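In: no FASTA, just this:
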């Protein structure tokens with residue numbers, strides 16, 4: 001029979017499972033003295049606990065989900081990629097009513113941007129998908145006013161220097177030109193804030209629409225705006241190469 005000690009897990013892993021933060025961020029919380037277990041502040045790395053212990057962050061008890069859930073959401077423009085907003089704007093939480101698990105968005109998708117957003121209560125999974133060192137590709141369709149020149153496409157494809165460093169997409173192409181508007185496609189493996197918008201602005205183009213269509217092989221497909229569904233087992237398999245890097 002499994003005893004209490006056998007059920008114990010590393011504290012940072014439990015915090016990640018609760019969706020509080022990634023393991024690395026959870027370690028920083030522990031070192032900062034923000035975490036208590038059964039009323040005692042715990043700051044030692046390697047400390048262990050169980051899901052049944054009273055674990056709190058900043059005094060608030062965490063709930064550790066026993067079942068992990070992974071949801072694909074088609075985020076429309078006009079929603080914040082967060083669970084709450086001090087300005088009372090609509091958030092992606094409003095788009096997943098009836099889901100009992102407390103799901104957190106993986107990475108960011110700007111207020112005015114659209115498309116594929118993954119939400120989960122698995123902190124390690126979220127960390128893997130959004131951290132650039134794991135190299136998970138994310139693909140976008142972008143509409144800009146005007147006809148983008150071949151020279152500007154070449155410049156962007158070869159990479160440009162922005163205020164926070166070098167930016168070079170993994171893939172870049174001109175999808176189509178309709179009237180006086182251009183649609184380009186690009187794939188990146190990073191998540192710097194508004195990086196695509198800033199890169200195009202650097203070349204003199206203002207983004208009219210930005211739609212994320214894929215993350216690591218998971219595609220938005222025919223999922224309607226504002227709708228959501230669970231990740232399929234096949235889609236989880238397409239992410240397995242990245243998830244293995246956590247072990």
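Out: Perfect, I can see it now. Just so you know, these numbers come straight off a predicted model, no measurement behind them. Numbering: from 1, shown residues only.
In: can you give me the helices for this structure?
Out: Under the criterion DSSP state H, the chain contains helices at 11-17, 23-31, 123-130, 150-158, 195-202, 233-243.
In: just the buried residues of the fifth one, please?
Out: Right, helix 195-202. If you call a residue buried by 16 or more other CB atoms under 10 Å, then helix 195-202 has these buried ones: 195-200. All C-beta atoms are positioned from the backbone trio N, CA, C, and that covers glycine.
In: among the residues you listed, find me the one that's closest to residue 160.
Out: Taking CB to CB as the measure, residue 160 lies nearest residue 199 of the buried residues of helix 195-202, at 6.1 Å.
In: quick one: the residue nearest to that closest one when sequence neighbours are not counted from residue 192, how far?
Out: Across the structure, with CB to CB, 6 or more residues apart in numbering as the measure, the residue nearest residue 199 apart from its sequence neighbours is residue 167 (5.2 Å). According to CB to CB, to the nearest Å, residue 167 stands 8 Å off from residue 192.
In: of the two, who's got more company?
Out: residue 167 (18 against 15; other CB atoms under 10 Å).
In: quick one: residue 136 and residue 187 touch, right?
Out: No - counting by CB atoms under 8 Å, residue 136 sits too far from residue 187 to count as a contact (10.6 Å).
In: neighbour count: these two, which is higher?
Out: Between residue 136 and residue 187, counted using other CB under 10 Å, residue 136 has the larger neighbour count: 24 against 15.
In: how near is that one to residue 126?
Out: With distances taken as CB to CB, residue 136 is found 11 Å from residue 126.
In: and residue 119, how many residues sit next to it?
Out: Using other CB under 10 Å, the number of residues around residue 119 comes to 26.
In: give the contact list for it.
Out: 70-71, 73, 92, 96, 103-106, 228 (CB atoms under 8 Å, 6 or more residues apart in numbering).
In: which residues pair with it across the strands?
Out: In this structure, residue 119 has the following beta-bridge partners (DSSP bridges): residue 71, residue 105.
In: gap between it and residue 131?
Out: Going from residue 119 to residue 131 by CB to CB gives 17 Å.
In: check residue 38 too.
Out: 32 Å.
In: could you do residue 27 as well?
Out: For residue 27, the distance to residue 131 equals 14 Å [CB to CB].
In: shaky segments in this protein?
Out: Flagging of the chain using pLDDT under 70 yields the residue ranges 1-7, 65-66, 242-247.
In: please redo it, this time with the cut-off set to 80
Out: Using pLDDT under 80 as the threshold, the predicted model of the chain has low-confidence ranges 1-8, 17, 19, 22, 51-52, 64-67, 123-124, 131-133, 240-247.
In: next, count neighbours for residue 216.
Out: In terms of burial, residue 216 registers 22 neighbours under the definition other CB under 10 Å.
In: who's in contact with it?
Out: Residue 216 neighbours (CB under 8 Å, 6+ apart): 129, 136-138, 238-239, 242.
In: quick check: the farthest pair among the residues you listed?
Out: With distance counted by CB to CB, no two of the contacts of residue 216 lie farther apart than 138 and 238, which are 13.4 Å apart.
In: which of the two has more residues huddled nearby?
Out: Under the criterion of other CB under 10 Å, the comparison of residue 138 against residue 238 puts residue 138 first, with 24 against 16.
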